[in-house]
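Engineer: structure for this input, please:
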Amino acid sequence: MAGGLVALLDDIAALVKVTAASLDDIAVGAAKASVKSLGVVVDDAAVTPQYVQGLSPKRELPIIWKIAVGSIRNKLLIILPVILLLSQFAPWALTPILMIGGTYLVFEGAEKVLEAVGVIKHHGSGSADGVRDEKSIIGAAVRTDLVLSAEIMVISLNEVAHETLLNRALILIMIAFAMTVGVYGVVGLIVKMDDVGLHLAQKSSKFAQKVGRGLVKGMPILMSVLGKVGVVAMLWVGGHLLLVGMDELGFHAPYGFVHHMEILVHDATGSAGAVLGWLVNTAFSCVAGFIVGCVVTAVVLGIKKLRAKH
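Structural biologist: Have a look, this model is predicted:
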């Protein structure tokens with residue numbers, strides 16, 4: 001009896017060791033995959049604050065919370081099952097899906113640029129009295145998040161493609177929660193910094209008052225800059241998805257040219273080559289995204305006009 005108990009305990013210990021090793025592998029895999037997708041995470045954090053710009057401070061955090069909930073639903077209920085199934089049975093379909101998402105992003109970005117320069121009329125969400133509709137804001141943010149989250153998850157999936165299906169799923173679940181908490185936690189801090197500034201400005205300390213006033217004055221500027229960065233991010237990420245997607249589907253010329261220019265700058269600029277080469281790639285991706293986005297915007301507006309006539 002004692003021998004059987006000892007054997008059982010040995011088996012349990014061995015199982016615990018295997019489980020611990022597996023969890024370590026999952027954690028390491030999640031960390032590596034997360035690093036690869038950090039660029040898109042920055043884009044996501046830059047895009048989101050524009051959706052609460054100009055709203056009542058009391059509505060900012062509730063809206064960000066709802067967008068965050070929509071983001072985790074996107075990742076876990078839509079993206080995760082789809083990309084796991086596709087990676088297992090139809091990996092070739094991931095690229096076209098990302099290109100469709102990229103097209104949506106460049107459409108959103110180009111539309112905002114064209115509205116800003118007065119080429120097309122602004123038709124943002126709002127009611128007759130000028131109050132922005134919360135449902136529309138959240139819906140637009142969650143749709144944009146769907147594309148950015150899909151890229152985060154697909155990039156992460158590519159980094160752990162060698163893992164078993166179960167480990168892939170667990171790693172992507174970890175990434176989904178970590179990225180959502182990270183992005184929307186940062187966004188929440190950004191949009192509430194003016195409130196922190198007001199609180200500090202009322203303190204007795206001269207230094208706290210100075211910092212507080214600086215935050216209050218600086219946050220509108222920061223929000224405006226982030227809004228513009230968000231638009232550029234849409235064009236950059238969307239354009240890059242389209243260029244890389246075309247390259248993977250066999251149409252090599254556009255991305256081949258961009259990559260060639262990136263290498264030329266990289267090799268010609270010494271120690272700054274990595275950064276400058278990346279900037280060249282980003283600039284071309286933005287331009288490509290804007291061109292495609294303008295075409296899509298023209299098509300969408302044309303369809304809307306035709307529908308309005310009927």
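Engineer: tell me the first helix or strand C-terminal of the longest helix seen in the chain.
Structural biologist: If you go by DSSP state H, the chain has its longest helix at helix 206-248. Going down the chain from helix 206-248, the next helix or strand is helix 253-268, by DSSP states H and E.
Engineer: give the buried residues for that next one.
Structural biologist: Buried residues in helix 253-268, counted by 16 or more other CB atoms under 10 Å: Pro254, Tyr255, Val258, His259, Glu262, Val265, His266. Every residue, glycine included, has its C-beta placed from N, CA and C.
Engineer: try stretch 206-224
Structural biologist: Neighbour-count burial for stretch 206-224 flags Val211, Gly212, Leu215, Val216, Met219, Met223 (criterion: 16+ other CB under 10 Å).
Engineer: please save the CA atoms from stretch 79-96 in CSV.
Structural biologist: Taking C-alpha atoms only, stretch 79-96 is exported to CSV below (Å, rounded to 0.1, in the frame of the first residue of the first chain):
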residue,chain,number,x,y,z
ILE,A,79,-10.2,36.5,-34.1
LEU,A,80,-8.9,33.6,-32.0
PRO,A,81,-11.2,30.8,-33.2
VAL,A,82,-10.9,32.0,-36.8
ILE,A,83,-7.1,32.2,-36.9
LEU,A,84,-6.6,29.0,-35.0
LEU,A,85,-8.9,27.1,-37.4
LEU,A,86,-7.3,28.8,-40.5
SER,A,87,-3.7,28.1,-39.2
GLN,A,88,-4.6,24.5,-38.8
PHE,A,89,-6.6,23.9,-42.0
ALA,A,90,-6.2,26.9,-44.4
PRO,A,91,-3.1,29.0,-43.5
TRP,A,92,-3.2,30.5,-47.0
ALA,A,93,-6.4,32.5,-46.0
LEU,A,94,-4.8,34.6,-43.3
THR,A,95,-3.1,36.9,-45.8
PRO,A,96,-6.3,37.9,-47.7
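Engineer: for the longest helix of the chain, the distance to its chain's centre please.
Structural biologist: In this view, helix 206-248 has its centroid 12 Å away from the chain centroid, taken as CA atoms, centre = their mean, to the nearest Å.
Engineer: report how many residues lie close to Gln88.
Structural biologist: By other CB atoms under 10 Å, 10 other residues sit near Gln88.
Engineer: neighbours of the residue lying closest to Met234 once chain neighbours are set aside, how many?
Structural biologist: Take Met234 and drop its neighbours on the chain: the residue closest to it by CB to CB, 6 or more residues apart in numbering is Gly109, 3.3 Å away. Neighbours of Gly109 under the rule other CB under 10 Å: 28.
Engineer: same check, this time on the one 4 residues further on
Structural biologist: Other residues within reach of Val113, judged by other CB under 10 Å, total 19.
Engineer: and what of Thr164?
Structural biologist: Number of residues near Thr164 (other CB under 10 Å) recorded here: 11.
Engineer: any idea how far it lies from Ile79?
Structural biologist: 19 Å (CB to CB, to the nearest Å).
Engineer: where does Ile155 fall, secondary structure wise?
Structural biologist: Secondary structure assignment for Ile155, by DSSP H and E: helix 134-159.
Engineer: between helix 206-248 and that helix, find me the angle.
Structural biologist: Counting by axes from the mean of the first three to the mean of the last three CA atoms, to 10 degrees, helix 134-159 lies at 60 degrees to helix 206-248.
Engineer: buried set for helix 134-159?
Structural biologist: Going by 16+ other CB under 10 Å, helix 134-159 has these buried residues: 137-138, 140-142, 144-157, 159.
Engineer: what do you get for stretch 75-83?
Structural biologist: Lys75, Leu76, Ile79, Leu80, Ile83.
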